[in-house]
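no letters, just coordinates:
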């Protein structure tokens, strides 16, 4: 987590709303100028210290404002480990939530604990399995549909954003090669559809920085739930475990053992051998799913931020990974 900075402009409307709401709910605030925990073009999080503990205020662009609705559905209908929201301001695209702990990434700096990550992954998988037959709840509130039959349609639409991709670093030759890979993506999606793992709600940026842990109880909580889609669950599975492998220098054997433990809940649907086959296929096209997530974030921000982000290589890096597969 980056060093906290103070928000100097206490007159911002969403901060005013938060202060008023907290006082109305009986919280005593130590300082009406909150501390910034995160400030990116697609997410601003700040913290109020109150007599009842830390309260967090999150504000997002309107294109990502479905986050509070996703959290409500997951909490009320599926009893998922998600942030506990105490108030929502739909006009300002912000909400207040209770403290859920520290980032798992930071917690693991003291020493990687595979059991905590495994439990977090299995809790997440349990939610995915529970939502398999309930995806219409999420599609109805605007959660993107990135199912396997949609990816081959979304891919050419993405590659058609030639100015954006070239501004981000993709060359004309690379663009031509990317255009020809639609057949390969269709083939991969067809392969995945032959297995018995159904598509469901998936966190498109699921990893140890988007999981919080209570340092006393070791209870974990999923965050950044504006970045969800209906897609194959092993995209987020691969993303989380691969990031852990890279962040904590896990050996090949440790990584395989982690994969096996984390995919145990799926053994009711597929064999161990098939689950490893699925992971290998996902590794080939994972970057396309990641690019769709990055593109969604870039599209959600204001024009100035859009122009800056489109030149950072966020899309080009992942598209080159896809090119290297062929």
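Arrived safely. Small disclaimer: the values here were computed from a predicted structure and weren't measured.

for residue 189, see how far away the residue nearest the centre of the chain is.
Closest to where the C-alpha atoms of the chain average out (C-alpha atoms, centre = their mean) is residue 205, at 2.7 Å. Counting by C-beta to C-beta, to the nearest Å, the separation of residue 205 from residue 189 is 21 Å. C-beta coordinates here come from the backbone N, C-alpha and C atoms, glycine included.

could you do residue 318 as well?
17 Å.

low-confidence ranges in the protein?
Filtered on pLDDT under 70, the chain yields the residue ranges 1-11.

domain parsing of it, as residue ranges.
What automatic domain parsing lists as the domains of the chain is 5-98, 103-324.

just how off-centre is the last one within its chain?
On the basis of C-alpha atoms, centre = their mean, to the nearest Å, domain 103-324 sits 8 Å off its chain's mean C-alpha point.

can you give me the end-to-end distance of it?
End-to-end distance of domain 103-324 (C-alpha to C-alpha, to the nearest Å): 32 Å.

how about stretch 258-266?
Across stretch 258-266, first to last residue, C-alpha to C-alpha, it's 14 Å.

ok, now stretch 258-267?
Span of stretch 258-267 from end to end, C-alpha to C-alpha: 15 Å.

what about the residue lying closest to residue 121 once chain neighbours are set aside, neighbour count?
Leaving aside its sequence neighbours, residue 121 sits nearest to residue 262 (C-beta to C-beta, 6 or more residues apart in numbering; 4.1 Å). Neighbour count for residue 262, taken as other C-beta atoms under 10 Å: 23.

surely residue 262 touches residue 238?
No. Using C-beta atoms under 8 Å, residue 262 is not in contact with residue 238, being 10.4 Å away.

who touches the nearest residue to residue 132 once chain neighbours are set aside in this structure?
Of all residues beyond its chain neighbours, the one nearest residue 132 is residue 200 (4.6 Å), with distances taken as C-beta to C-beta, 6+ apart. Contacts for residue 200 (C-beta atoms under 8 Å, 6 or more residues apart in numbering) come out as 128, 129, 131, 132, 135, 230, 233.

for residue 200, name its beta-bridge partners.
Applying DSSP bridges to residue 200 gives these bridge partners: residue 231.

and the helix or strand harbouring residue 36, which strands flank it?
Using DSSP states H and E, residue 36 falls within strand 35-40. The strands beside strand 35-40 in its sheet (DSSP bridges) come out as strand 5-6 (antiparallel), strand 43-50 (antiparallel).

gap between whichever helix or strand comes after the shortest one and the chain center?
Right, the one you point to is strand 5-6. Sequence order places helix 13-24 as the next helix or strand after strand 5-6, per DSSP H and E. Chain-centre distance of helix 13-24: 27 Å, with C-alpha atoms, centre = their mean.

helices or strands up against helix 13-24?
Under the contact definition 3 or more C-beta pairs under 8 Å, 6 or more residues apart in numbering; DSSP states H and E, helix 13-24 sits against strand 43-50, strand 53-59, strand 85-89, strand 94-98.

which of those sits most buried?
Highest mean neighbour count of the helices and strands packed on helix 13-24: strand 94-98, a mean of 22 (counted as mean count of other C-beta atoms under 10 Å).

paired strands for that one, with orientation please.
Strand 94-98 has these strand partners (DSSP bridges): strand 53-59 (antiparallel), strand 85-89 (antiparallel).

what residues does that strand touch?
14, 17-18, 21-22, 53, 55-60, 67-68, 83-89.

now with 10 Å, please.
For strand 94-98, contacts defined as C-beta atoms under 10 Å, 6 or more residues apart in numbering pick out 12-15, 17-18, 21-22, 25, 27, 44-46, 48, 52-60, 65, 67-68, 71-72, 82-89, 221, 223.

any idea which helix or strand comes after it?
strand 102-103.

return the residues in contact with residue 235.
Residue 235 neighbours (C-beta under 10 Å, 6+ apart): 146, 151, 192, 199, 202-204, 206, 229, 282, 285-286, 288-290, 292-293.

follow-up on the earlier one: for residue 102, find the nearest of the strands paired with strand 94-98.
strand 53-59 (11.1 Å; C-beta to C-beta).

which strands or helices does the top helix by length along the chain pack on?
Assignment by DSSP state H gives helix 272-300 as the longest helix of the chain. Applying 3 or more C-beta pairs under 10 Å, 6 or more residues apart in numbering; DSSP states H and E, one finds that helix 272-300 contacts helix 151-159, helix 162-167, helix 182-193, strand 228-231, helix 233-247, helix 252-262, helix 303-309, helix 316-324.

now do the buried residues in that helix.
The neighbour-count check on helix 272-300 (16 or more other C-beta atoms under 10 Å) flags 274-275, 278-279, 281-282, 284-298, 300 as buried.
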